[in-house]
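Student: below are the sequence and a predicted model; questions follow.
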Amino acid sequence: MSELPQLDGQIRVLVVEDDMMAVRSVLVRCTEAGMDTRYAPHGAAALEAVRAVKPHLIVLGIAESEAGSVRLAKLIQVESAAPILTLTEARTDLFPWQGISTEASHFMAKDTAAQEILERITSLIRDAYHESQLMVADTSSDSTVKGLPAGWGKCQSCGYIGPRTKFTDPNPLARHATICPVCKHFDDIVFSVS
């Protein structure tokens, strides 16, 4: 049985899809969130990338030929216990079955907004790697957290962990540039140092 890859700094996300343009915005969003984001087309290249990159999460685009994608998902699951988020074709009556057939952790439609896909990726990583695995506090500094994935932060008030972008206050007139999206505290947030 395969194990989850160790967290050793930056979160690694592998995006597997034949059409790179279909997932370009997902690649950009994950990179902007501080994740080490890699791309591989379907087939042997995808399996080779899983072995080489040891991703913490895999985004798998379901191809037109669903059978090939299901086979690939099963081969990936032999190589890695990392969660798999499948991106299926546009919402149709078959939409749920395309995702379920891969036995992946979760599935979404390919036409879902990239920001929403990034939020699901973040959630899946938090679920797979519990807080104890996501961070080891550095007691030598109050303003940073050593061991937290690069580009991520933690609210010391409520314990929320997420990418730095989640802590940005969307209000341009706000008094504070960073704020916890859960408890709305602004003075108890620490960030990792890349």
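Tutor: That came in fine, so what should we check first?
Student: what sits against the residue nearest the centre of the chain?
Tutor: Central residue of the chain (Cα atoms, centre = their mean): residue 121, 3.2 Å from the mean position. Each residue near residue 121 by Cβ atoms under 8 Å, 6 or more residues apart in numbering is listed here: 13, 30, 35, 57, 59, 85. Just so you know, the C-beta spots here come from the backbone N, C-alpha and C atoms, and that holds for glycine as well.
Student: show me the contacts for the last one.
Tutor: Remark: with contacts taken as Cβ under 8 Å, 6+ apart, residue 85 is in contact with 57-60, 104-108, 117, 120-121, 124.
Student: selecting buried members of those residues in PyMOL, what would you type?
Tutor: In PyMOL syntax, the buried subset of those is picked out as below (16 or more other Cβ atoms under 10 Å):
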select buried, resi 57+58+59+60+104+105+107+108+117+120+121+124
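Student: just name the closest of the contacts of residue 85 to residue 20, please.
Tutor: residue 59 (12.3 Å; Cβ to Cβ).
Student: ok, back up a step: just the contacts of residue 121: which are in strands?
Tutor: 13, 57, 59, 85 (DSSP state E).
Student: which two among the contacts of residue 121 are spaced furthest apart?
Tutor: That would be 35 and 85, which, of these, are the farthest apart (Cβ to Cβ) at 13.0 Å.
Student: ok, back up a step: any chance of the contacts of residue 85 in JSON lines, with distance to residue 151 and pLDDT too?
Tutor: Below are these laid out as JSON lines (distance: Cβ to Cβ, whole Å; pLDDT from 0 to 100):
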{"residue": "57", "distance to residue 151": "15", "pLDDT": "92"}
{"residue": "58", "distance to residue 151": "19", "pLDDT": "92"}
{"residue": "59", "distance to residue 151": "18", "pLDDT": "92"}
{"residue": "60", "distance to residue 151": "23", "pLDDT": "89"}
{"residue": "104", "distance to residue 151": "25", "pLDDT": "65"}
{"residue": "105", "distance to residue 151": "22", "pLDDT": "66"}
{"residue": "106", "distance to residue 151": "22", "pLDDT": "81"}
{"residue": "107", "distance to residue 151": "26", "pLDDT": "80"}
{"residue": "108", "distance to residue 151": "23", "pLDDT": "84"}
{"residue": "117", "distance to residue 151": "17", "pLDDT": "91"}
{"residue": "120", "distance to residue 151": "18", "pLDDT": "89"}
{"residue": "121", "distance to residue 151": "13", "pLDDT": "90"}
{"residue": "124", "distance to residue 151": "17", "pLDDT": "88"}
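Student: residue 78: which of the contacts of residue 85 is nearest?
Tutor: Distance to residue 78, by Cβ to Cβ, is smallest for residue 58 among the contacts of residue 85, at 12.7 Å.
Student: surely that closest one touches residue 77?
Tutor: No - at 9.4 Å, residue 58 and residue 77 do not qualify as touching, with contact defined as Cβ atoms under 8 Å.
Student: overlap in contacts of those two?
Tutor: With Cβ under 8 Å, 6+ apart, residue 58 and residue 77 have common neighbours residue 84.
Student: hey, which helix or strand in the protein has the poorest pLDDT?
Tutor: Lowest by mean pLDDT, DSSP states H and E among the helices and strands of the chain is helix 95-101, with a mean of 51.
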